[in-house]
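**Q** what would the 3D arrangement of this be:
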Amino acid sequence: MRLPALALLAVSLAAADEIPGWVREVAGRQVPSYPAKVALVTLLSETSVTVEADGRQIRREREAVKVLQRGRRVPAAECFYNPKSGRVREFAAWLLPPSGKPTSFGKNAIVDQSAAASFEEYDEGRLRLIQPAADLQPGTVFAWEAVDEEKPVYADYEHVFQERDPVLLSRFSLSLPPGWVASAAVFNHDGLQPQVSGGTYTWELRELPWMEPETHSPAFYSVVPRLGVNYYPEGASVQGLRPVKSWRRASSWSAGFADPAAAVTPAIAAKAAELTSGLAAELDKIRAIAAFVQKTNYVAVEINLAHGGGYTPHSADQVLARNYGDCKDKATLMRALLRAAGIEAWPVAIFHGDRQYVRPEWPSPSQFNHMIVAVRVSADTKAPTVVDYPKLGRLLIFDPTDPSTPVGDLPEREQGNHALLVAADNGDLITMPLLPPELNRIESTAQAKLNPDGSLSADLERHYFGQPASNLRYTNTLGEHDELRRDLQDALSYRLGGLTLNQFDVTDHLAEDRFDMKMDVSVRQFGQILQNRLLMVSPGALGRRHGYEFPSKPRQFPIELRAEAYHDSVSLEVPAQFKVDELPDPVRLAGPYGSYSAEWKADGSRVRFEQSLEVNDTMAPATDYAKVRQFFEKVESAQNSSVVLVKE
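**A** Residues are numbered from 1 along each chain as shown. Predicted structure coming up:
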C-alpha cells in the first residue's frame, strides 16, 4: 500500500542545547513500578485553551513521555489543524536519552499530511507529525509542544485526559474573556471539579493507571476520563460563534447547515419518479430509494469547514450528478429523493462506534462523527427500526452510508446510541432502536456421517440474520469470496482439527436480511477411539462456536455483551457396528447475561444434538466478572460434551 506524499515544513525550533526548562523538570520525575507490558508512561499531558473575544481558540499542548520497554511502542507528537479556519503557530520536539546529549528535531523531521484515515477519503484537515526512531532506549524521554489557533463554529471543547498509557499528571485549562462563563460535564471520573481563578478554569488528574485492553469491555471513550465544556458570553453574541445550551438549540443550528442542501430539483424529482415507478407501498418506495443511495460511492469530502465546521453537505443535486459523497451527502440525497416521492425525512447526527460516547448532559454537536436519516412513516409501515417521536410521529431509522444493512435493520455500532434528530426547533436528542437477539442470530444445521475409524463427512449449512448477515454481505460484495472461505476453513479447523473443505457456496438474501453458507467437509479424525471398542464424539463441535472467552485474571472494566442468538442442530449418523452407550444430560441455563439449552438424543442409527444460546444486551459491572465468566464456561463445556459409542 503506498503512503501519502508528505510535505516537509520549516518550523522555528530550539537548538539542541536549548531544552526548555519544563522538559528538563518533568524528565526528572520519579516513575512508579508498572507491569512489564507497559511500554510508555506519560510524565505530563497538559492542554491550555485561551478563548479570545472574537471566539478564536489559541491552544497550547505539552506532553512528555518516558520509554519503559525497548522496541514495544514509539511515542509521537501530533498536531491536528484545519488550514481554512486555523493554523499551527509553533511545533517543536526534544529527545532526552538516559545518557548522552539531548537533541531537538530539525525542520526535516516534521511532516505535514492529510488527516484522512484512508485513500477513499478526502479531508481538508491536516496533521503535523514528529516521530523519533523506533528503537529508543528505556529511560529515554520524548517531549513536544505545539501552539495552534482555530476559529470554531460551536463554542465548546472536548478534552481526553489520557490514552491507555499511565499518566503522572494530566491537566486541562480554559481561559475565557471577561464576561464569559463556562459549564462542564465530566465523564468516567467522579468528583473532578475545576479550580477557578478569574476567567481560567483548570481540571487536573494525577497518577492515572494503565488501561489494559480487556475482552468484551466498553469502548475506550466510555472508560477514559474526559471532559466536555460549553462556554459563551453572558448577555451578548459573537458573530460566527454558536453557543449551544440545549439539544434543541443544537438541532436548530445544525438544521441551518443541513436543510438547504436537501432541496427538490427537477433532476431529483425525475430520479425519484424513476426509482419508485410502479411502487404503491410506502415501505417499497423507501427501500427503492435507500438501495440507490447505498450504491452512491462513498468519498469523504469536508466542505465549508471555516463556516460550517464540516457540517455543511453538498447539495442533493451535486451528489446525484457526481455519484459520490460522504455520510451527510448521502443522507441529504436520500432526504431529497424521499421528499420528491412525498415522504419526509430528517438527518440524524450520531456517533458511529461507541454506544456510550454521546452524553445527554453535554449538548454539543461535537460529539457526533456520522450522519444517518429518520424517515417519517405511516402506521402501515412496520419495521424493527421504527421509533415513536411525539413531535414528528413514527420515524424509521436508516443508515444510507452502510452498503450492506438494508432498511429495517441498523448497524450494530449505532443501535441503542443517543443521537441528535436535526429537525430545527422540533429536534432533540433521541435514542436509537436496539434490536432483540432473535433479529441478530445465526442458525446452523449439520448432516454428518461418522466412520468406524473416527473420520467424518458432513454437509453444513449456516444462515445469518441481521448484523451477522450484514458483516458477511459486506465482505462478499467486496469480491472477497476466497477470504470468506479461508476464514471459515480456519474456524472449522480450530474446532474439528485437520479437515478438507470440499465445497463452499454462499447466497445473499438481501430482502430477508439473510446470508447463507453451504459447506461440504471431510474431517480426518472427528472421534476418539479408546480400547479399540469405544468411540467418543462431540456433536456440538459441528455447531458454531459462540466465541465468548474470558481469561482467569482480575477485571478492571465492565463487561459489555451485545444482543445476539445462536441455534445449532446436528444429526450424526453412527457407524453400523456401534451403538450409543452414554449421552450427556440436558443443560438449561438462564440468568441476567442470557439463556442456554442443550440436548442430546439417540434416534435409531443417529445422534441428534440441539443447542440454543441467546445473549442479552448487558453492561455488567466488573464485580460480576466471575459470574459472567462462569456462565459462558458452562456453555462451552456443554457444547464440547462427548457422546460415548460402544462397538457391538
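**Q** so which strand or helix has the closest residue to Leu275 other than its chain neighbours?
**A** Excluding the flanking residues, the one nearest Leu275 by CB to CB, 6 or more residues apart in numbering is Ala288, at 4.7 Å. Using the backbone N, CA and C atoms, a C-beta is placed for each residue, glycine as well. Per DSSP states H and E: Ala288 is located in helix 282-295.
**Q** how distant is that helix from the center of its chain?
**A** 25 Å (CA atoms, centre = their mean, to the nearest Å).
**Q** now swap in stretch 161-181 and tell me
**A** When distances are taken as CA atoms, centre = their mean, stretch 161-181 is centred 26 Å away from the chain's centroid.
**Q** just the mean pLDDT for that stretch, thanks.
**A** Across stretch 161-181, pLDDT averages out at 95.
**Q** quick check: buried residues in it?
**A** Buried residues in stretch 161-181, counting neighbours by 16 or more other CB atoms under 10 Å, are found at 161-162, 165-176, 180.
**Q** which residue is nearest the centroid of this structure?
**A** In the chain, the centroid-proximal residue (CA atoms, centre = their mean) is Gly353; its distance is 2.6 Å.
**Q** contact partners for that one?
**A** By CB atoms under 8 Å, 6 or more residues apart in numbering, Gly353 lies in contact with 219, 369, 413.
**Q** for the second one, give me the pLDDT.
**A** Confidence per residue is given as pLDDT, and for Asn369 that number is 88.
**Q** next, the closest residue to it other than its chain neighbours: phi, psi?
**A** Sequence neighbours aside, Phe351 is the residue nearest to Asn369 in space, at 5.5 Å (criterion: CB to CB, 6+ apart). Main-chain torsions, Phe351, degrees, to the nearest 10: phi -100, psi 120.
**Q** quick one, strands of the stretch 301-450 of the chain?
**A** Under the criterion DSSP state E, counting those that start in this stretch, strands of the stretch 301-450 of the chain are mapped to 324-325, 345-350, 370-376, 386-389, 393-398, 418-421, 428-431, 441-450.
**Q** and Asp617, how far is that from Leu395?
**A** 21 Å (CB to CB, to the nearest Å).
**Q** follow-up on the earlier one: okay if I get the strands of the stretch 301-450 of the chain as CSV plus distance to Pro586 and mean neighbour count?
**A** Listed next are the strands of the stretch 301-450 of the chain as CSV, based on distance: least, CB to CB, whole Å; neighbours: other CB atoms under 10 Å:
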stretch, distance to Pro586, mean neighbour count
strand 324-325, 55, 21
strand 345-350, 43, 27
strand 370-376, 44, 25
strand 386-389, 39, 14
strand 393-398, 40, 22
strand 418-421, 42, 24
strand 428-431, 39, 18
strand 441-450, 19, 20
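**Q** what would those look like in a markdown table with distance to Ile130?
**A** Output for those, formatted as a markdown table (distance: least, CB to CB, whole Å):
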| stretch | distance to Ile130 |
| --- | --- |
| strand 324-325 | 34 |
| strand 345-350 | 34 |
| strand 370-376 | 30 |
| strand 386-389 | 47 |
| strand 393-398 | 43 |
| strand 418-421 | 36 |
| strand 428-431 | 39 |
| strand 441-450 | 47 |
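**Q** on that earlier part again, after the helix holding Ala288, heading C-terminal, what element do we hit next?
**A** Counting by DSSP H and E, the next helix or strand C-terminal to helix 282-295 is strand 297-298.
**Q** quick one: strands adjacent to that following strand?
**A** Strands that pair with strand 297-298, judged by DSSP bridges, come out as strand 324-325 (parallel).
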